[in-house]
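1. quick one, structure for this:
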Amino acid sequence: MDAGKQLASSLVDYEGKDVVVLAIPRGGVITAKEVAKRLKAPLDLVIPRKISAPGNPELAIGALASKETVMINEQLKKSLRVSNEYIESEVKKQTLEIGRRRLKYLGNRIETNLKDKVVILVDDGIATGYTALAAINAIREKKPKKLILAVPVSPKDTCKRLGTEVDELVCLHSPELFFSVSQFYTYFSQTTDDEVIEIIKSFGGK
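-> Predicted structure coming up:
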């Protein structure tokens, strides 16, 4: 919540404008709630999923936010000798998971129209940037007028890379030494599905 309030203070110029805030669940929803509240903007979700390396769920070799926005680290794929069949299987699995999560969090709510809107994409922090990049590509397909990525913390090199993919980047803290998002929070408990659903409900969803 504190991170969200700090982000919102950096985005006050967009208050009352034609803005949509998009959160990356789950942790990003808590942060985005504070931004949407301050800017008096609607809140919706974009749900990217990482594609894990075979036998190593923590190692991302890519990510997607839809079947059309699959990002693969080709160098890592090659060095780990990951087959195309494995990638295709994971894309199918994660596409189903995106649909399942959207239904769980949002019910049958229609996706917010992003065409010609100022879209602010919010997460609670970004490490490698793969899932954020998949989300950015999915949003770009919806033809927003402007796309802003707003995060409390991200490594300097990731910020630099993602900054070229959006119209504006707001990153409160971009340290050289970065191990995980959680190291920059005093309190970093897991956000639950129920919390996400409650927040969406408070913005008129589901």
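2. mind giving me the domain split of this structure?
-> Partitioning the chain according to automatic domain parsing yields domains covering residues 2-47+109-202, 49-105.
3. so what does the longest helix seen in the chain touch, helix or strand wise?
-> The single longest helix within the chain, with elements called by DSSP state H, is helix 84-106. Other elements packing on helix 84-106 under the criterion 3 or more CB pairs under 8 Å, 6 or more residues apart in numbering; DSSP states H and E are strand 43-45, strand 49-53, strand 56-64, helix 193-202. The C-beta positions use only the backbone N, C-alpha and C, and glycine is treated the same way.
4. all helices of the chain, in order?
-> Counting by DSSP H, the chain has helices at residues 2-9, 27-39, 74-79, 84-106, 130-140, 156-163, 193-202.
5. take those helices and write them to CSV, including distance to Thr112, mean neighbour count and mean pLDDT.
-> Below are these laid out as CSV (distance: least, CB to CB, whole Å; neighbours: other CB atoms under 10 Å; pLDDT from 0 to 100):
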stretch, distance to Thr112, mean neighbour count, mean pLDDT
helix 2-9, 19, 18, 95
helix 27-39, 11, 24, 95
helix 74-79, 33, 12, 93
helix 84-106, 10, 15, 94
helix 130-140, 11, 22, 93
helix 156-163, 22, 16, 93
helix 193-202, 12, 16, 93
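6. got TSV for these, with distance to Tyr187 too?
-> Shown next, in TSV, are these (distance: least, CB to CB, whole Å):
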stretch	distance to Tyr187
helix 2-9	9
helix 27-39	11
helix 74-79	33
helix 84-106	23
helix 130-140	23
helix 156-163	23
helix 193-202	14
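7. closest to Glu15 out of those?
-> Between Glu15 and the helices of the chain, the shortest gap by CB to CB is with helix 27-39, which sits at 4.9 Å.
8. tell me the angle that closest one makes with helix 193-202.
-> Between helix 27-39 and helix 193-202, the angle comes out at 20 degrees (axes from the mean of the first three to the mean of the last three CA atoms, to 10 degrees).
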